[in-house]
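Curious how this folds, go ahead:
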Amino acid sequence: MYIQVLKKRYKIVFSYIGTLFMFFSIVLLIPCVFCVMYPGDLNSSLSFIYTAILSFLFGFILSIWTKLKPGTPVTIQEGSLIVLFVWIFGIFFSSLPFVFEGILSFSHAFFESTSGWTTTGLTLVDVTKIPRIFLVWRSIMQFIGGAGFAIVMMSAILGPTGFGLYNAEGRMDNLVPNMRSSVRKILVIYFTYAIVGMLFYMIAGMSFFDAFNHSLTALATGGFSTRAGSIGEFNSIFIEVITMVLMILGTTGFGIHYLLWKRDWKSLKKNGEPKSLFFILIIFIPMIMFGTMHLFYANLGENFRHSIFQAVSALTGTGFSTVDFFNWNSFGLFMITLLMIFGGDLDSTSGGLKQYRIYIVYKLLKQQIINFFLPSRSVTKIEVWKGSKKSYVNPSMIREILMNFSAYFLTFSIGVGIISSYGFSLQDAAFEFASALSTVGLSIGITSQSAPLGIIWTETLGMFFGRLEFFVILYGIVKIVKDISRIREK
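Model prediction:
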C-alpha cells in the first residue's frame with residue numbers, strides 16, 4: 001500500500017515537471033525574437049529551436065507517462081524534489097544552445113547556464129564575439145532565475161496549492177495568502193522596475209540592446225554584461241547611479257517592496273534588513289576608499305565613485321564592476337570577500353548569508369549584553385519584522401541560522417581548499433569561491449576557459465548550492481535515497 005502511495009506522489013512530482021518543461025520550450029524561443037532586429041543571428045536561432053523541441057518532448061513524455069492532471073496539492077517535501085529537478089533540468093536545457101552553436105563545451109556551457117539561473121554572473125564566454133541572441137539568453141536566464149525559476153514557471157499551473165513549492169525554493173515573503181496572487185504581485189513589481197530601469201538607461205545614453213540586458217541583469221543582481229569591461233566600459237556616472245539603484249532594488253526582499261508599494265511606512269521602519277544593509281555599506285565604503293582605492297585614484301571624488309559602486313555590487317551579489325581586481329592589495333580583496341559573504345536580503349534575488357540572518361545575530365548579541373545587567377529572573381523577547389509580519393526570535397529560528405551558517409562555511413572551506421590545491425593563494429581562492437557560493441560574479445581572473453575542469457565544476461556546484469541555500473538540495477537527495485531504500489525493502 002505504501003509503495004503505491006509513494007509511486008503516486010512521484011507521478012505528481014514528474015507530472016508538474018513535465019508540464020513545466022513544455023512551457024519552458026516557449027521561454028527558450030524568446031531570444032529568437034531579437035533576430036528581427038539582428039538578422040545576422042538568424043542561423044544561431046536554430047540552436048534555440050532545437051533545444052526548445054527537446055524541452056517540449058521531454059515534458060510531453062513525462063506528462064504522458066504520469067497521466068495526471070495538474071492541481072494536486074504539493075507538500076514541501078515534494079516541492080523540494082520539484083525544485084531540485086526543475087533547476088537541474090532547466091540548467092541542462094539552457095546550456096544546450098551554447099553547445100549546439102559550438103560556443104562552449106558541455107562542462108563550460110553547464111557552468112555558464114548555472115551562472116545565469118543562479119544570478120551569479122561569472123562567465124566563460126567572450127561577449128564581444130558571440131551572437132547577440134546569446135547575450136539576450138544570458139540576461140533572460142538571470143532575470144527569471146532572480147524572480148525564482150520554479151515558482152514563476154509553476155505559478156500558473158499550481159495556483160493556491162503550491163505553497164510547498166514556494167517554501168521549497170527558499171521563499172518566506174508570502175505577500176498574500178494565495179500563492180498565485182503572491183507570485184503575480186512579485187512579477188508586477190519586478191517587471192515594473194525592469195522597464196523603468198531600461199528607460200533610464202536609454203536616457204543615460206545606452207542603446208536599446210544594452211539597456212534591455214543591463215536592466216534585467218542589474219535588477220536580478222546577476223551581473224552579466226554585454227561589454228567586456230562591464231559597467232565600467234560606459235564610463236558614465238549617470239549609468240553607474242542607475243545601476244546601483246537597480247542593484248539595491250534587486251537585493252531588497254519582495255516583502256519590503258510590497259510595503260513600499262502599499263506605502264506602509266510604519267511596518268517598513270520596523271524591518272531591520274534595509275538598516276543592516278546600509279549600515280554595512282557605511283562601514284565598508286570608507287575602508288575600501290582609504291585602505292585600497294586611494295592607491296589608484298588620488299582624486300577623492302573618483303575614489304568615492306568607484307569604492308561605493310564596488311561595495312554595492314559585492315554586497316548586493318551583482319558582480320558588475322568599474323575596475324579590475326588584479327592589482328588590489330590584500331586588504332581590499334578581503335573587504336570585498338566579506339561583503340560577498342554577507343549578501344543581500346532574504347527573499348531577494350541575491351545570495352550570501354543574507355541580511356535577515358545577520359540582523360537576528362546582531363539582535364541576539366545586543367540582547368545578551370543587555371541581559372547581563374538585568375535581574376536573573378527577567379524574561380525578554382526579541383522582536384523581528386519580515387515584511388509586514390512580526391515574529392519573535394525562538395530556538396527554531398536560531399537553529400535555522402546556525403545550520404545555514406554552518407553549511408555555508410563548510411561548503412566555503414571545501415571550495416577554497418579545492419581551488420587553492422591548483423596552486424592559487426588562499427586569498428585569491430577565497431575571493432573567487434565566495435563570488436561563486438554567494439552568487440556574485442566578481443572575479444580575480446581564476447574563472448576562465450583555461451581553468452582546470454576541477455575548478456569549473458567546483459564553482460558550478462558552489463553556485464547551485466548557494467542559490468538553493470543547501471538544504472533544499474540536501475532534503476531532496478535524502479528523500480530520494482530514503483524512498484529508494486524503502487522500495488527495495490518491500
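
As a quick check, tell me the outermost residue of this structure.
Pro375 (45.0 Å; Cα atoms, centre = their mean).

Need the pLDDT of that one.
Looking at Pro375, its pLDDT reads 82.

right, and Phe405 touches Arg357 too?
Yes. Taking Cβ atoms under 8 Å as the definition, Phe405 is a contact partner of Arg357 at 7.3 Å. Bear in mind the C-beta positions are built from the backbone N, C-alpha and C, glycine included.

Settle it for me: which of those two has more neighbours?
Arg357 (22 against 14; other Cβ atoms under 10 Å).

hang on, the more buried one packs against Ser406?
No. Arg357 is not in contact with Ser406 according to Cβ under 8 Å; the separation is 11.9 Å.

quick one on the thing from earlier: wasn't the residue farthest from the centre of the chain part of a strand?
No. Under DSSP: H, G, I helix; E, B strand; the rest coil, Pro375 sits outside any strand and is assigned coil.

what's the distance between Ser448 and Thr123?
9 Å (Cβ to Cβ, to the nearest Å).

what about those two, which has more around it?
Neighbours were counted for Ser448 and for Thr123 using other Cβ under 10 Å; Thr123 has more, 22 against 13.

residue contacts, the more buried one?
Glu112, Ser115, Arg138, Phe224, Gly441, Thr447 (Cβ atoms under 8 Å, 6 or more residues apart in numbering).

please redo it, this time with the cut-off set to 10 Å
Neighbour list for Thr123: 108, 111-112, 115-116, 138, 223-225, 319, 441, 443, 447-449 [criterion: Cβ atoms under 10 Å, 6 or more residues apart in numbering].

Mind giving me the PyMOL select for those, buried ones only?
Here is the PyMOL selection string for the buried members of those, based on 16 or more other Cβ atoms under 10 Å:
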select buried, resi 108+111+112+115+116+138+223+224+225+319+441+443+447
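
The contacts of Thr123 in helices, which ones?
Secondary structure of these is defined by DSSP state H; positions in helices are His108, Phe111, Glu112, Ser115, Gly116, Arg138.

Ignoring the adjacent residues along the chain, who's closest to the fourth one?
With Cβ to Cβ, 6 or more residues apart in numbering as the measure, Leu122 is the residue that lies nearest to Ser115, at 4.9 Å, once sequence neighbours are left out.

which element is that neighbour on?
Assigned by DSSP states H and E, Leu122 belongs to no helix or strand.

Tell me how many other residues surround it.
Leu122 has 29 neighbours, counted by other Cβ under 10 Å.

distance of it from Val440?
Leu122 is 8 Å from Val440, where distance means Cβ to Cβ.

Please identify every residue contacting each of the two.
Common neighbours of Leu122 and Val440, using Cβ under 10 Å, 6+ apart, are Gly223, Gly319, Met463.

burial of the last one, as a residue count?
Read it as Met463. 29.

next one: phi and psi at it?
phi -60, psi -40 (degrees, to the nearest 10).

three-state assignment of Trp385?
strand.

who touches it in this structure?
Contact partners of Trp385, counting by Cβ under 10 Å, 6+ apart, are 255-256, 259, 267-273, 356, 359, 391.

could you redo the last one with a cut-off of 6 Å?
Neighbour list for Trp385: Lys270, Asn271 [criterion: Cβ atoms under 6 Å, 6 or more residues apart in numbering].

what's the pLDDT at it?
Trp385 is assigned 87 on the pLDDT scale.

and it, what are its bridge partners?
With DSSP bridges applied, Trp385 shows beta-bridge pairing to Lys390.

What residues of stretch 237-254 count as buried?
Judged by neighbour count using 16+ other Cβ under 10 Å, the buried positions of stretch 237-254 are 239-240, 242-254.

so of those, which ones are in helices?
239-240, 242-251, 254.

what does the helix or strand harbouring Asp210 contact?
Using DSSP H and E, Asp210 maps to helix 208-219. Identification of contacts with helix 208-219 by Cβ under 6 Å, 6+ apart yields 139, 142-143, 193-194, 197-198, 201-202, 224, 226, 243, 246-247, 250.

Likewise for stretch 402-414?
Residues contacting stretch 402-414 (Cβ under 6 Å, 6+ apart): Leu437, Phe465, Phe470.

Name the residues of that stretch that come out as buried.
Going by neighbour count (16+ other Cβ under 10 Å), the buried part of stretch 402-414 is Asn404, Tyr408, Thr411, Phe412.

Would you mind checking which of those residues is nearest to Leu46?
Leu46 has its nearest neighbour among these in Thr411, at 38.6 Å by Cβ to Cβ.

Can you report phi and psi for the closest one?
With angles defined as degrees, to the nearest 10, Thr411 sits at phi -60, psi -40.

if I look at it, how far off is Trp65?
35 Å.

Equivalent analysis for Phe279, please.
As for Phe279, its distance to Trp65 is 53 Å (criterion: Cβ to Cβ).

what's the answer for Leu6, then?
Distance from Leu6 to Trp65, by Cβ to Cβ: 16 Å.

What of Phe254?
Applying Cβ to Cβ to Phe254 and Trp65 gives a distance of 35 Å.

cool, Ala451 as well?
Counting by Cβ to Cβ - Ala451 and Trp65 are separated by 39 Å.

From the neighbour counts alone, determine which of these two ranks first.
Ranked by neighbour count (other Cβ under 10 Å), Ala451 and Trp65 place Ala451 first, with 20 against 12.

Check which helix or strand the more buried one maps to.
For Ala451, there is no enclosing helix or strand under DSSP H and E.

For stretch 238-245, output the C-alpha coordinates as PDB.
Extracted C-alpha coordinates of stretch 238-245, given in PDB (Å, rounded to 0.1, in the frame of the first residue of the first chain):
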ATOM      1  CA  PHE A 238      24.700  58.500 -14.500                       C
ATOM      2  CA  ILE A 239      24.700  54.900 -15.700                       C
ATOM      3  CA  GLU A 240      26.600  53.800 -12.500                       C
ATOM      4  CA  VAL A 241      24.000  55.500 -10.300                       C
ATOM      5  CA  ILE A 242      21.100  53.900 -12.200                       C
ATOM      6  CA  THR A 243      22.900  50.500 -11.900                       C
ATOM      7  CA  MET A 244      23.400  51.000  -8.100                       C
ATOM      8  CA  VAL A 245      19.700  51.800  -7.600                       C
END
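
ok, and what's touching that stretch?
So stretch 238-245 is contacted by Phe200, Tyr201, Ala204, Ala218, Ile231, Phe309, Val312 (Cβ under 6 Å, 6+ apart).

so what's the closest residue to the fourth one other than its chain neighbours up against?
Of all residues not flanking Ala218 in the chain, Leu246 sits nearest, at 3.8 Å (Cβ to Cβ, 6+ apart). With contacts defined as Cβ under 6 Å, 6+ apart, the neighbours of Leu246 are Gly197, Ala218, Leu219.

8 Å instead?
Leu246 is in contact with Tyr193, Gly197, Ser215, Ala218, Leu219, counting by Cβ under 8 Å, 6+ apart.

how near is the second one to Thr217?
When distance is defined by Cβ to Cβ, Gly197 is 10 Å away from Thr217.

Among those two, which residue is more densely surrounded?
Between Gly197 and Thr217, counting by other Cβ under 10 Å, Thr217 is the more crowded of the two (34 against 23).

Report pLDDT for the more buried one.
pLDDT, Thr217: 97.

contact partners of stretch 271-283?
Residues contacting stretch 271-283 (Cβ under 8 Å, 6+ apart): 248, 251-253, 255-256, 259, 268, 308, 311-312, 315, 339, 342, 344-346, 355-356, 358-359, 362-363, 384-387.

Would you list the buried entries among the residues you listed?
Burial by neighbour count, judged by 16+ other Cβ under 10 Å, picks out 248, 251-253, 255-256, 259, 268, 308, 311-312, 315, 339, 342, 344-346, 355-356, 358-359, 384-387 from the contacts of stretch 271-283.

I'm done for today, thanks for sticking with me.
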